[in-house]
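A.B. asks: Next comes the sequence, and after it the predicted model I'd like to discuss.
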Amino acid sequence: MTEIRHAPVAPTRTQRLASGGEIDAHRHDDHQIVYAARGVLAVTTSEGSWVAPGTRAIWVPAGTVHAHRAYGELDLHLVGLPATDNPLGLDTPTVLTVGPLLRELIVAYTRDGSGDSPERARLRAVLLDQLRASPQQPLHVPAPTEPMLRAVCAILQADPGDNRTLAELGREVGASDRTLSRMFRRDVGMTFPQWRTQLRLHHALILLADKTPVTVVAHRCGWSSASAFIDVFRHTFGHTPGTYPTAVTPIRRAVGVPGEADWLVPGHPGAG
């Protein structure tokens, strides 16, 4: 990410992003909540990638240089918050669980990103309360800085289904498994198996967004069987990949939020 836009104010709005669409590297002076009600959203910084399906949102702290990428058609909701308003006290990008109420609050708040009416202020206050109660999720693939570790990670990023051991990968890059194991803990704060599992889950979400069958996803991502993949997926996301929500339908009637045609506006590469 060499060319970086500076958009001081983080927008509050909705937009649609086509599958494969990207929003280039940029930063805001504000915090931002990025939520995709449909599809899978990936946010990338110099420190790694965070991925969120339709039941998760990504918190992007003020000043963080980041880029977005869509996997599957995205209904994207952006919420900007002043740098002084950090309800979770987070200074790194973080994936947050989005329950039904928080989802509806985000949809309603981003329907019209302008104005400061008392009603909108109350909506924002409830949204922040729900954010404070939102569980955090470790859906992060850290980017290494050590050259040898970068080489190992590049091999696995090119093929997440590569099942070679750390010792076998080490022979390819000229390092022992002990050395690489220490590097993983020191450089990315994870063990090698933890990092590889995160990478595989990231890739699995992308494949599921493209409606790839579960058995094919398990094979391509390196799990020994579909049942092993399903167990890891259920433990991480709380549901099976077979019930993966490629589209989340907001409960508009219960909260009086207009239909999709009223709140979605076309996206463009320079947005976000």
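C.D. replies: That came through, no problem. Please read these numbers as outputs of a predicted model, since none were measured by experiment.
A.B. asks: buried set for the longest helix anywhere in the chain?
C.D. replies: Of all the elements of type helix in the chain, the one with the most residues (DSSP state H) is helix 192-209. Residues of helix 192-209 classed as buried: 192, 195-209 (neighbour count, 16 or more other Cβ atoms under 10 Å). Using the backbone N, CA and C atoms, a C-beta is placed for each residue, glycine as well.
A.B. asks: Kindly report the same for stretch 4-13.
C.D. replies: So, applying 16+ other Cβ under 10 Å, buried residues of stretch 4-13: 7, 10-13.
A.B. asks: so the closest residue in space to H68 that isn't next to it in sequence, which of the three states?
C.D. replies: If you skip the residues right next to it in sequence, H68 has I23 as its closest partner in space, 4.0 Å away by Cβ to Cβ, 6 or more residues apart in numbering. Three-state assignment for I23 (DSSP: H, G, I helix; E, B strand; the rest coil): strand.
A.B. asks: And the helices in the stretch 51-200 of the chain, which stretches?
C.D. replies: 100-111, 118-132, 147-158, 166-173, 177-183, 192-209 (DSSP state H, counting those that start in this stretch).
A.B. asks: What confidence value was assigned to Y35?
C.D. replies: pLDDT recorded at Y35 is 94.
A.B. asks: Disregarding residues adjacent in the polypeptide, which is nearest to it?
C.D. replies: A57 (3.9 Å).
A.B. asks: how near is that neighbour to P213?
C.D. replies: 27 Å (Cβ to Cβ, to the nearest Å).
A.B. asks: okay, now the closest residue to P61 other than its chain neighbours: neighbour count?
C.D. replies: Distance criterion Cβ to Cβ, 6+ apart; nearest residue to P61, sequence neighbours excluded, is D91 at 5.3 Å. By other Cβ atoms under 10 Å, the residues close to D91 number 13.
A.B. asks: residues contacting the spatially closest residue to G222 that is not a sequence neighbour?
C.D. replies: Nearest non-adjacent residue to G222, counting by Cβ to Cβ, 6+ apart: G161, 4.1 Å away. G161 sits next to 219-222 when contact means Cβ atoms under 8 Å, 6 or more residues apart in numbering.
A.B. asks: do the same with L149
C.D. replies: 180, 183-184, 187-188.
A.B. asks: Looking at these, which is nearest L78?
C.D. replies: Distance to L78 across the contacts of L149 (Cβ to Cβ) is lowest for V188, with 28.4 Å.
A.B. asks: Touching, the closest one and P142? I think so.
C.D. replies: Yes. Using Cβ atoms under 8 Å, V188 is in contact with P142, at 3.9 Å.
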